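S.K.: The sequence isn't on hand, but the structure is:
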């Protein structure tokens, strides 16, 4: 443990000790000094939260909740420790659909509260009046049955078909639908939870277990504690028929029993990845690194909830070829969780830095060739985003204006990674790695903005070297659209064999002559994504017969093929398309396929309507909120 991480641990202990004080009391400066800072510069103001943290802010959340599958609600109490100015008259929290029953202070005395006008995206401000020395607030509440962050699955929608399942997805601003707090990434909070569920279900959360489950009649109580201050979107829960298997001394995986063997095999390299990440950029500071493979309706590839990464089962390819996803979510333990974007327009600081870090982990574990191929595919995703958005569109800036979840992934993830890869090239890997590791140390458990990132880079690496400053083009990378002229491009030879076969096929060559069976997943994706978007029936038949694409077990390969199926109205592929869209709900796959079908009014739209009516019950609200706008269920 570094001196800095020791200081953070001491700080967390002090904070939690003050949180247990019970009655309201005058502020304790020693404890307050250890709380994660609130950034005060204009670009750090969060437009997607009602909170006014410079007046009064949450420092710790203690949840005592029960999970009711019949009512599809989570309810109980949230006790908030707050830090406030002496003259603060109120604290403002974020609330979306919560049913507030009562609000009291640390002595149990009622506090006045109001819920303001509601915005469809942001929800509403929950304003609570403060007495002169109020430092603790207890809110009794219940979530709404349709809370956006929570997905309730029936037994039939699980692998085991016997027990129901619940999971949450808080990023970006959805945790306000089940936790009353200041739901802004710039307001870091430590937290703890006591969760009551019916036997034989198990509740897991994104924090360290605080002891064995406690029997309570026909229920069990699970306790968790996160001593480090984290962005509130990282508080997460899953409840279901779950089993755990260790993968190493500090890593393991939770799944339903039917999935545990496949998951453990796919994740066998996790300990190696942790060691590689630490070698690159410093100690893993969260204790254990567990993962949970969720039911197929999980809307993302992964979610980097601290100590418990959430994963889609669509990465279970059987050959570890898609476990770049695991490297990505692990890397978030540094970029995103340890140092977090203070506001969502700066989300490239989470995702772009992590995408770069992911590639470095892959290089350490699987070698330079795989890393170079993955980087080339990422570069192509960025180019696709430029083509779709327009190279000079403001939407191609790293520091954007979009709201939560609205930025293009080809920019936030891929252009962000190219930026850092370019810095590495221009500065030199050894010197670059030294700076990036020191950046994580300096800003551990703190919020970050683009301006602050660049200021640190200039102060601790550029150090007034004007020639280097000109070569790096930092402001152009972050604040201007398009691709700066100094961008490092992928090695054109990394897919030389694939590109040769692709050119031969385009020129009329036979699919049987393509050495597809000997290629890895990256090479197969390069070939499929490089095919013309319009192909005749005979050529599609040939491809499907040669490579069995309609039955591909690798979800990325299957998706690349189904894009061609839709683009070409390929009837033999519709059965595979329907099976794919009704068996998983990952937004990356579901959204573009259904949207493309819906845009084809004569052929595709009736297919989209039929599939969506069947599949919608398994899709998360994050996915259905977009697809419902297509009007397929009239």
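M.R.: All right, it came through fine. Only a predicted model underlies this, so the values are computations on that prediction, with no experimental measurement involved.
S.K.: what mean pLDDT would you report for stretch 436-455?
M.R.: For stretch 436-455, mean pLDDT is 98.
S.K.: Can you point out the buried residues in it?
M.R.: For stretch 436-455, a neighbour-count test (16 or more other Cβ atoms under 10 Å) marks 436, 439-441, 443-454 as buried. Where C-beta positions appear, they are placed from N, C-alpha and C, glycine not excepted.
S.K.: mind checking the end-to-end distance for it?
M.R.: 13 Å (Cα to Cα, to the nearest Å).
S.K.: Relative to the whole chain's centre, how far out is it?
M.R.: On the basis of Cα atoms, centre = their mean, to the nearest Å, stretch 436-455 sits 19 Å off its chain's mean C-alpha point.
S.K.: Same check on stretch 477-488?
M.R.: Here stretch 477-488 shows a centroid-to-chain-centroid distance of 25 Å under the convention Cα atoms, centre = their mean.
S.K.: Among the buried residues of stretch 436-455, which lie within helices?
M.R.: Among the buried residues of stretch 436-455, the ones falling in helices (DSSP state H) are 436, 439, 440, 441, 450, 451, 452, 453, 454.
S.K.: closest to residue 226 among the residues you listed?
M.R.: Closest to residue 226 out of these is residue 440 (18.8 Å), distances taken as Cβ to Cβ.
S.K.: Have a look at this structure and report its longest helix.
M.R.: The chain, longest helix under DSSP H: helix 368-389.
S.K.: Tell me which other helices or strands it touches.
M.R.: Packed against helix 368-389, as judged by 3 or more Cβ pairs under 8 Å, 6 or more residues apart in numbering; DSSP states H and E, are the following elements: helix 348-366, helix 416-427, helix 521-530.
S.K.: of all those helices, which lies closest to residue 166?
M.R.: Residue 166 lies closest, by Cβ to Cβ, to one member of the helices and strands packed on helix 368-389: helix 348-366, at 25.6 Å.
S.K.: counting contacts, what elements does that closest one pack onto?
M.R.: helix 270-281, helix 324-331, strand 339-341, helix 368-389, helix 416-427, helix 450-457.
S.K.: Off-centre distance for the shortest one?
M.R.: Spelled out, it's strand 339-341. In terms of Cα atoms, centre = their mean, the centre of strand 339-341 is found 13 Å from the chain centre.
S.K.: Equivalent analysis for stretch 39-48, please.
M.R.: Using Cα atoms, centre = their mean, the offset of stretch 39-48 from its chain centre is 21 Å.
S.K.: list the buried ones in that stretch?
M.R.: 39, 44, 45, 46, 48.
S.K.: before we move on, what about stretch 101-115?
M.R.: 103, 104, 105, 106, 111, 113.
S.K.: Please apply the same query to stretch 510-520.
M.R.: 511, 514, 516, 519.
S.K.: Stretch 497-504 now?
M.R.: Across stretch 497-504, burial judged by 16+ other Cβ under 10 Å covers 498, 499, 501, 502.
S.K.: Who does the residue nearest in space to the middle of the chain form a beta bridge with?
M.R.: Central residue of the chain (Cα atoms, centre = their mean): residue 303, 3.6 Å from the mean position. Counting by DSSP bridges, residue 303 is bridged to residue 310.
S.K.: Next one, pLDDT for it please.
M.R.: 97.
S.K.: dump the residue contacts of residue 412.
M.R.: Listed by Cβ atoms under 8 Å, 6 or more residues apart in numbering, the contact set of residue 412 reads 347, 348, 351, 352, 398, 400.
S.K.: How many neighbouring residues does the nearest residue to the fourth one once chain neighbours are set aside have?
M.R.: Meaning residue 352. Nearest residue to residue 352, sequence neighbours excluded (Cβ to Cβ, 6 or more residues apart in numbering): residue 416, at 1.4 Å. Residues lying near residue 416 (other Cβ atoms under 10 Å) number 27.
S.K.: And residue 572, what's its pLDDT?
M.R.: At residue 572, pLDDT is 98.
S.K.: is it true that it touches residue 542?
M.R.: No: under the criterion of Cβ atoms under 8 Å, residue 572 makes no contact with residue 542, lying 11.8 Å away.
S.K.: what about the two, which has more around it?
M.R.: Neighbour tally, residue 572 and residue 542, criterion other Cβ under 10 Å: the higher count belongs to residue 542, 16 against 13.
S.K.: what about the chain, any weak spots by pLDDT?
M.R.: Applying pLDDT under 70 to the chain flags residues 1-34.
S.K.: Now for the closest residue to residue 341 other than its chain neighbours: which residues touch it?
M.R.: Spatially, and ignoring its direct neighbours in sequence, residue 341 is nearest to residue 349 (4.5 Å; Cβ to Cβ, 6+ apart). Contact analysis of residue 349 by Cβ under 8 Å, 6+ apart lists 335, 339, 340, 341, 416, 448, 449, 450, 453.
S.K.: Looking at the residues you listed, which is nearest residue 227?
M.R.: Proximity of the contacts of residue 349 to residue 227 (Cβ to Cβ) peaks at residue 340, which lies at 16.5 Å.
S.K.: Return the distance of that closest one relative to residue 348.
M.R.: Per Cβ to Cβ, to the nearest Å, residue 340 is found 12 Å from residue 348.
S.K.: More neighbours: which of these two?
M.R.: Using other Cβ under 10 Å, the more surrounded residue of residue 340 and residue 348 is residue 348, with 29 against 26.
S.K.: Tell me which residues touch the more buried one, please.
M.R.: By Cβ under 8 Å, 6+ apart, the neighbours of residue 348 are 341, 398, 399, 400, 407, 411, 412, 413, 415, 416, 450.
S.K.: nearest to residue 119, of the contacts of residue 349?
M.R.: Checking the contacts of residue 349 against residue 119 with Cβ to Cβ, the nearest one is residue 341 at 21.3 Å.
S.K.: Please tell me I have it right and the closest one contacts residue 172.
M.R.: No: between residue 341 and residue 172 there is no contact under Cβ under 8 Å: 9.8 Å.
S.K.: hmm, back to that, isn't the residue nearest to the centre of the chain right up against residue 294?
M.R.: No: the criterion here is Cβ under 8 Å, and residue 303 misses it with residue 294 at 9.1 Å.
S.K.: Pull up the overlap in contacts between those two.
M.R.: Residues touching both residue 303 and residue 294 by Cβ under 8 Å, 6+ apart: residue 310.
S.K.: circling back to that earlier point, of the buried residues of stretch 39-48, just say which sits nearest to residue 578.
M.R.: The nearest one, if we look at these relative to residue 578 and count by Cβ to Cβ, is residue 48, at 36.5 Å.
S.K.: mind checking how far the closest one is from residue 282?
M.R.: When distance is defined by Cβ to Cβ, residue 48 is 31 Å away from residue 282.
S.K.: just residue 578 next, same as before
M.R.: 47 Å.
S.K.: And the two? Which one has more around it.
M.R.: Neighbour count, other Cβ under 10 Å: between residue 578 and residue 282, residue 282 has more, with 20 against 15.
S.K.: Was I right to think that one contacts residue 443?
M.R.: No: using Cβ under 8 Å, residue 282 is not in contact with residue 443; the gap is 11.8 Å.
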